[in-house]
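fold the following.
(one chain, ligands or ions: 1)
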Amino acid sequence: MTRSLVTEIDHVAIAVRDLDAAIAWYAEVLGAEVVHRELVEPDGVEEALVGVAESYVQLLSPTREDSPVARFLAARGEGLHHVGYRVADCAQALDAVKRAGGVVVDEAPRPGSRGTMVAFVHPKSSFGTLIELVQEGRPNGAAGEANDGAASEKARTGPH
Ligand code: CO
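Numbering: from 1, shown residues only. As a prediction, the model looks like this:
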């Protein structure tokens, strides 16, 4: 029996034009609270993580017009952008995708928000779904280790 490489739905990411309006809607209508908010400059997005049990809804809005999320909004409008699967080992899961002939966006894991390591898998090899592999915490020496020890502290502190 094979052991699953994915341990949980980390987040479901939704591209929105107005982050504050989306946050307010989740809070006022569903009573769901933002547990982490972060500007992810390399990706050109600002994200807000709304806590749902052990997972998040990740509301994403672009911070510049040439960011992938801005292009997504222009082409397809607001809506489901990607699904983040939590994995124990991002590099291992990424390798499994590559070995199966999958198309990856990131050749190697890179720092994500809230002290995670992440890698994206292209939708063309995963049934039309952009997938983000999310590993809590960062190995020693990885860039942006500001959070390292604290990474699991609050595994719930926030993703991209
Ligand atoms: Co994400």
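
pretty sure Gly137 contacts Gly115?
Yes - contact criterion Cβ atoms under 8 Å: Gly137 and Gly115 qualify, at 6.3 Å. (Each C-beta comes from the backbone N, C-alpha and C, glycine too.)

ok, these two, which is more surrounded?
Gly115 (25 against 18; other Cβ atoms under 10 Å).

and that one, what's its pLDDT?
Predicted confidence (pLDDT) for Gly115: 91.

now do the buried residues in the lengthiest helix in the chain.
Secondary structure of the chain per DSSP state H: the longest helix is helix 19-30. Applying a neighbour-count criterion of 16 or more other Cβ atoms under 10 Å, one finds Leu19, Ala22, Ile23, Tyr26 buried in helix 19-30.

which one of these is nearest to Ala119?
Proximity of those to Ala119 (Cβ to Cβ) peaks at Leu19, which lies at 24.4 Å.

so that closest one makes contact with Thr63?
No - in this structure Leu19 lies outside contact range of Thr63 using Cβ under 8 Å: 9.8 Å.

overlap in contacts of these two?
Glu46 (Cβ atoms under 8 Å, 6 or more residues apart in numbering).

flag the shaky bits of this structure, pLDDT-wise.
1, 139-160 (pLDDT under 70).

can you pull out the strands in it?
For the chain, the strands defined by DSSP state E occupy 6-15, 34-40, 45-52, 55-62, 79-87, 110-111, 117-121, 131-135.

out of those, deepest packed?
Comparing the strands of the chain on average neighbours per residue, with mean count of other Cβ atoms under 10 Å, the densest one is strand 131-135 at a mean of 26.
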